[in-house]
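[1] Give the three-dimensional model of this entry:
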Amino acid sequence: MIRVLIVEDDADIARLHWAFVERTPGFKVVGRAESVAVAEAMVTALHPDLLLLDVYLPDGRGLDVLRALRARGSHVDSILVTAANDLGNVQDALAAGAVDYLVKPVEPARLQVALGRARERADARRQATLGQARLDALFGAPPSAPPGLDAETLARVRAALMDGAARTAAEVGAAVQLSRVTAWRYLEHLVEGGELVMDTERAPVGRPTKRYRRA
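    All right, here's what the predicted structure looks like:
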């Protein structure tokens, strides 16, 4: 379970993000901080794994929280969710090791992709040895797609399986609004890359069922 602290001074936005995160399998919100000072105190008390972090807060910048944590040796991950889209803030977020950078208003599908990336990094840290897909997750390499596959759709397929459950191509397709055949193509690509494994369930009658899950 990935424990999330929301750092956001706008109560309405914080409620929206809280509800979305709580609906996402494998994630749990542990609290909300509305300022830099409260955020630093709550991180010390609650030990979250992930921050949903606004840049502009009443007593400073959200990135100041991230820098302070890094100075203390903390490896907590962060997703910037902010109206600030200037190059300076983006560069600061990259330098501080943010998982993702989302500009308000955030589309739910895009937030789901960002949480999927956070899940990838959390999973990668638990591996004794890392293949290229896990290294990409840790170092923030953009999701790659071969000719004929769309990178954003590939990210949505990844996100549909981030809870660790095994699903068929039809189930994944329904979740991300793709046909079964199209979802199967993306799933097979992820199997070939070592990110997913495919299990075959054989039934007494009819064709075997293929289910895909995270490696």
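[2] What about D150, how many residues nearby?
    Residues within reach of D150, counting by other Cβ atoms under 10 Å, total 12. The C-beta positions use only the backbone N, C-alpha and C, and glycine is treated the same way.
[3] Actually, G26.
    The number of residues near G26, taken as other Cβ under 10 Å, comes to 16.
[4] buried residues in the helix or strand containing A170?
    Assigned by DSSP states H and E, A170 falls within helix 169-176. For helix 169-176, the neighbour count (16 or more other Cβ atoms under 10 Å) marks 169, 171-173, 176 as buried.
[5] a markdown table please, covering these and showing pLDDT and distance to A93.
    Formatted as a markdown table, the buried residues of helix 169-176 follow (pLDDT from 0 to 100; distance: Cβ to Cβ, whole Å):
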| residue | pLDDT | distance to A93 |
| --- | --- | --- |
| A169 | 95 | 35 |
| E171 | 94 | 35 |
| V172 | 93 | 31 |
| G173 | 93 | 33 |
| V176 | 87 | 27 |
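[6] R125: which of these is nearest?
    V172 (25.3 Å; Cβ to Cβ).
[7] The closest residue to D92 other than its chain neighbours is in what secondary structure piece?
    Counting by Cβ to Cβ, 6 or more residues apart in numbering, L63 is the residue found nearest to D92 once chain neighbours are left out, at 5.1 Å. Assigned by DSSP H and E, L63 belongs to helix 62-71.
[8] contacting residues around that helix?
    With Cβ atoms under 8 Å, 6 or more residues apart in numbering as the contact definition, helix 62-71 has outside contacts at 7, 36, 39-40, 43, 51, 53-56, 76, 78, 80, 82, 89, 92-93, 96-98.
[9] Just the buried ones from these, in PyMOL syntax?
    To isolate the buried ones among those in PyMOL, judged by 16+ other Cβ under 10 Å, type:
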select buried, resi 7+36+39+40+43+51+53+54+55+76+78+80+82+89+92+93+96+97+98
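[10] Strands - which of the contacts of helix 62-71 land there?
    Those of those mapping onto strands are 7, 51, 53, 56, 78, 80, 82, per DSSP state E.
[11] Let me see the contact set for the first one.
    Applying Cβ under 8 Å, 6+ apart, we find V7 in contact with 32-34, 39, 51-54, 57, 62, 65.
[12] Could I get the full set of helices for this structure?
    All helices of the chain, identified by DSSP state H, fall at 11-23, 36-46, 62-71, 87-95, 108-125, 132-139, 151-160, 169-176, 180-192.
[13] Buried ones in stretch 17-29, by neighbour count?
    17-18, 20-21, 24, 26-27, 29.
[14] Domain parsing of this structure, as residue ranges.
    2-124, 142-214 (automatic domain parsing).
[15] just those domains: most buried one?
    Highest mean neighbour count of the domains of the chain: domain 2-124, a mean of 18 (counted as mean count of other Cβ atoms under 10 Å).
[16] pLDDT-wise, which helix or strand of this structure ranks last?
    helix 132-139 (a mean of 60; mean pLDDT, DSSP states H and E).
[17] Not counting its neighbours along the chain, what's nearest the residue most central in space within the chain?
    What sits nearest the mean C-alpha location of the chain, by Cα atoms, centre = their mean, is L115, with 2.0 Å. Nearest residue to L115 in three dimensions, chain neighbours excluded: T24, at 5.6 Å (Cβ to Cβ, 6+ apart).
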